[in-house]
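just coords:
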Ligand SMILES: Nc1ncnc2c1ncn2[C@@H]1O[C@H](COP(=O)(O)OP(=O)(O)OP(=O)(O)O)[C@@H](O)[C@H]1O
Ligand SMILES: O=P(O)(O)OC[C@H]1O[C@H](OP(=O)(O)OP(=O)(O)O)[C@H](O)[C@@H]1O
Ligand SMILES: [Mg+2]
């Protein structure tokens with residue numbers, strides 16, 4: 001790529017801050033690829049230029065993304081809700097809290113977990129505990145809301161799950177997805193304090209940047225729409241079409257086509273906007289449907 005001084009040559013290029021590497025980065029780059037965006041990286045690997053739209057991608061630590069966007073250094077960002085809400089709860093975003101669009105990926109829970117042998121029935125049982133976490137603001141807000149007395153957080157930046165065994169904490173508050181890490185460390189979830197997914201944050205913007213942001217948002221929306229959506233084609237007895245349409249999840253009004261040489265059967269085509277599961281296909285078969293095809297949809301615009 002031609003190496004130009006970043007930010008000075010084209011002031012109208014939109015800046016989008018994303019995680020440089022990690023779990024969220026994997027999902028984010030996957031989304032950008034599905035949006036038809038490819039990028040060339042700068043030599044210093046601190047940013048990348050999108051080739052199809054005037055967007056520069058800032059490659060940063062995910063914890064820095066909310067403040068970069070709130071402070072205006074980046075126009076937009078993609079960050080986990082857990083990190084965004086922690087920064088907000090800690091008061092690090094000031095008054096410029098950006099707008100937020102949920103993206104539906106990188107889903108996880110922020111949970112307080114206790115050693116399996118602990119007897120726990122209600123938040124008051126955490127009274128006086130030391131809770132190892134890198135989410136002190138969210139944890140303390142939850143403790144306050146639930147009237148837990150005398151508990152406090154011990155900030156750790158990773159490997160929280162080991163803290164109880166080291167004797168530096170009685171509980172942990174960390175990200176849980178499958179629960180495998182907790183289980184392997186003899187811990188179990190006591191409370192889920194926040195359900196997280198990736199968020200598209202930033203704006204409102206104006207002028208040329210607002211137009212670019214809208215173009216990006218439309219592409220993301222198109223990818224989200226088609227994520228679970230399927231194109232379903234099947235043959236059905238003419239008198240079972242209504243019953244069959246009722247089984248298809250979040251389906252558009254179906255297109256009914258004549259089948260050559262068959263007066264009692266028609267072809268039914270429709271788009272289902274939610275995942276089509278095997279149980280539904282079995283119901284369709286019982287209603288007389290045959291030659292059922294469920295096809296992926298690559299892109300979808302309203
Ligand atoms: N096990 C998981 N399952 C699903 N999502 C997760 C999981 N762990 C983390 N996430 C989500 O991905 C985000 C980034 O996690 P990751 O582990 O890559 O970041 P990190 O360790 O904070 O790295 P860095 O700060 O260096 O960018 C988390 O903030 C959370 O939103
Ligand atoms: O419930 P699970 O599916 O086991 O996932 C939870 C683990 O995933 C994350 O860590 P990660 O693997 O990202 O390691 P990190 O500490 O290096 O961020 C999180 O901090 C937990 O430790
Ligand atoms: Mg991690």
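Structure's in. What do you need? As the structure is a computational prediction, the values presented were derived from the model and not from experiment. Ligands and ions are numbered 1, 2, ... in the order given.

same for the helix or strand of the chain with the lowest mean pLDDT, what does it pack against?
The helix or strand with the lowest mean pLDDT-type score in the chain, counting by mean pLDDT, DSSP states H and E, is strand 39-41 (a mean of 85). Contact partners of strand 39-41 among helices and strands, from 3 or more CB pairs under 8 Å, 6 or more residues apart in numbering; DSSP states H and E: strand 47-50. Just so you know, the C-beta spots here come from the backbone N, C-alpha and C atoms, and that holds for glycine as well.

if we go to 10 Å?
Contact here means 3 or more CB pairs under 10 Å, 6 or more residues apart in numbering; DSSP states H and E; on that basis strand 39-41 packs against helix 23-34, strand 47-50, strand 55-60.

so which of the ones you listed gets nearest ligand 2?
Of all these, it is helix 23-34 that lies closest to ligand 2, at 5.4 Å by CB to the nearest ligand atom.

residues near residue 206, how many?
Using other CB atoms under 10 Å, the number of residues around residue 206 comes to 9.

Now do the contacts for the residue of the stretch 151-300 of the chain found nearest ligand 1.
Evaluated by CB to the nearest ligand atom, the stretch 151-300 of the chain has residue 177 as its residue closest to ligand 1, separated by 3.1 Å. Going by CB atoms under 10 Å, 6 or more residues apart in numbering, residue 177 touches 23, 106, 107, 108, 109, 196.

Pull up the pairing partners for the least confident helix or strand of the chain, direction included.
Strands that pair with strand 39-41, judged by DSSP bridges, come out as strand 47-50 (antiparallel).

The strand it pairs with: which residues count as buried?
Residues of strand 47-50 classed as buried under the neighbour-count rule (16 or more other CB atoms under 10 Å) are 47, 48, 49, 50.

Helix, strand, or coil at the residue nearest to the spatial centre of the chain?
For the chain, the residue sitting closest to the mean C-alpha position, by CA atoms, centre = their mean, is residue 105 at 2.7 Å. Classification of residue 105 into helix, strand or coil gives coil, according to DSSP: H, G, I helix; E, B strand; the rest coil.

Hmm, it is touching residue 81, no?
No. Under the criterion of CB atoms under 10 Å, residue 105 is not in contact with residue 81, lying 11.3 Å apart.

residues bridging contact with those two, i.e. touching both?
Common contacts of residue 105 and residue 81, defined by CB under 10 Å, 6+ apart, comprise 197, 198.

And the closest residue to ligand 2 within the stretch 201-302 of the chain, its phi and psi?
Using CB to the nearest ligand atom, residue 201 is the residue of the stretch 201-302 of the chain that sits closest to ligand 2, at 20.8 Å. Main-chain dihedrals, residue 201, degrees, to the nearest 10: phi -120, psi 150.

Neighbours of the residue lying closest to it once chain neighbours are set aside, how many?
If you skip the residues right next to it in sequence, residue 201 has residue 98 as its closest partner in space, 4.5 Å away by CB to CB, 6 or more residues apart in numbering. Other residues near residue 98 number 22, with proximity taken as other CB under 10 Å.

so what's residue 98 up against?
Listed by CB under 10 Å, 6+ apart, the contact set of residue 98 reads 66, 69-70, 72, 74-77, 79, 84, 88, 199-204.

Now which of these would you call buried?
66, 69-70, 74-77, 79, 84, 88, 199-203.

Which member of the residues you listed is positioned nearest ligand 2?
Distance to ligand 2 across these (CB to the nearest ligand atom) is lowest for residue 79, with 14.6 Å.

beta partners for that closest one?
Counting by DSSP bridges, residue 79 forms beta bridges with residue 199.

Is it in contact with residue 102, as I believe?
No. Counting by CB under 10 Å, no contact exists between residue 79 and residue 102, whose distance comes to 11.6 Å.

Give me the common contacts of these two.
Residues touching both residue 79 and residue 102 (CB under 10 Å, 6+ apart) are 198, 199, 200.
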